[in-house]
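Engineer: Here is a sequence with its predicted model. Questions after.
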Amino acid sequence: MRLLNILLLLIVRLTASEWAGCILQSDEDKGVVKRDKVTPVCLTIGRDGNWARGEPYSRYSFKPVADEYSRFTVQGSYKSMLSDSQENFSVFASSHKKLSFLRWYSDKEFGIFPRLTAIVDVRDGEVQGIAWDDACVFCDAKRCQENTYTFDGEQVSLAEPTKGCYYTKEECDEIHSKGGDACDLTLHVVWTGTDTNGNFLTSSNKRYSAFNPKQIRDQLSDAINSILPDVDWPWLK
């Protein structure tokens, strides 16, 4: 898995009406997907969940290689947005002219949903859409909540996964106070379909939901316990 932590290429403040896609203004991006070549992916964060109002947002762009399983962490995102107070923040992923549905990063009713996996669907080198993977592999059923919405804030019902895991605000505060980054917003990216040369993109087979959920929770538990060894986390039961 290729890790792309702290690869922050661009942050902008725009209104929703100005969104023009996730495109790199360079020779690296030809507007088509080619396996083993850079293809831009963006993560966009805004307050609240109704983007129809044209609220300002921040966009983080990075350059994963198509068909590599990549991870991008917005380092310090919990500290900068949520450590002092909890507001509602929603996010979507995009690549070229296609984008995902919304998911909450922070929801006042439940807490923080820090982990996302975007599945970029490509046909003959053209991005067809972006689906969210099942994010409930990171926790037990008690912490698994619906977390997929339209851009006017309405919950959607889809054949694809729509749920995710959350930490409570109190848990994230404790993790943050001990120097942990488990509540920073993290986007995993995988690919499916065919590139511009007809090559099959298969990294979607490496997404977390394709593996044993207990093994994933055990790995996450080990990482958190290395920082907070004396805390019994119900999130990972």
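Structural biologist: That came in fine, so what should we check first? What you see is a predicted model, and the numbers here were worked out from it, not measured in a lab.
Engineer: And the pLDDT at Val127?
Structural biologist: pLDDT for Val127: 94.
Engineer: so it sits right up against Lys98, yeah?
Structural biologist: Yes - taking C-beta atoms under 8 Å as the definition, Val127 is a contact partner of Lys98 at 4.6 Å. Where C-beta positions appear, they are placed from N, C-alpha and C, glycine not excepted.
Engineer: Tell me which other helices or strands the helix or strand Glu171 falls within touches.
Structural biologist: Glu171 belongs to helix 169-177 when assigned by DSSP states H and E. The helices and strands touching helix 169-177, judged by 3 or more C-beta pairs under 8 Å, 6 or more residues apart in numbering; DSSP states H and E, are helix 77-81, strand 111-112.
Engineer: Serialize these to TSV and add fields for distance to Arg143, mean neighbour count and mean pLDDT.
Structural biologist: Output for these, formatted as TSV (distance: least, C-beta to C-beta, whole Å; neighbours: other C-beta atoms under 10 Å; pLDDT from 0 to 100):
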stretch	distance to Arg143	mean neighbour count	mean pLDDT
helix 77-81	17	19	93
strand 111-112	9	26	96
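Engineer: partner residues bridging Leu43?
Structural biologist: Tyr60, Ala93 (DSSP bridges).
Engineer: distance of it from Lys142?
Structural biologist: 27 Å (C-beta to C-beta, to the nearest Å).
Engineer: go on, Lys206?
Structural biologist: When Lys206 is compared with Lys142 (using C-beta to C-beta), they lie 27 Å apart.
Engineer: between those two, who's got more neighbours?
Structural biologist: Neighbour count, other C-beta atoms under 10 Å: between Lys206 and Lys142, Lys206 has more, with 14 against 10.
Engineer: Next, count neighbours for the residue nearest to that one when sequence neighbours are not counted.
Structural biologist: Of all residues not flanking Lys206 in the chain, Tyr69 sits nearest, at 4.5 Å (C-beta to C-beta, 6 or more residues apart in numbering). Under the neighbour criterion other C-beta under 10 Å, Tyr69 is assigned a count of 20.
Engineer: ok, now Asp124?
Structural biologist: 13.
Engineer: Tell me which residues touch it, please.
Structural biologist: Thr194, Asp195, Thr196, Gly198 (C-beta atoms under 8 Å, 6 or more residues apart in numbering).
Engineer: shaky segments in the chain?
Structural biologist: The chain contains residues with pLDDT under 70 at 1-19, 26-29, 207-237.
Engineer: Thanks a lot, catch you later.
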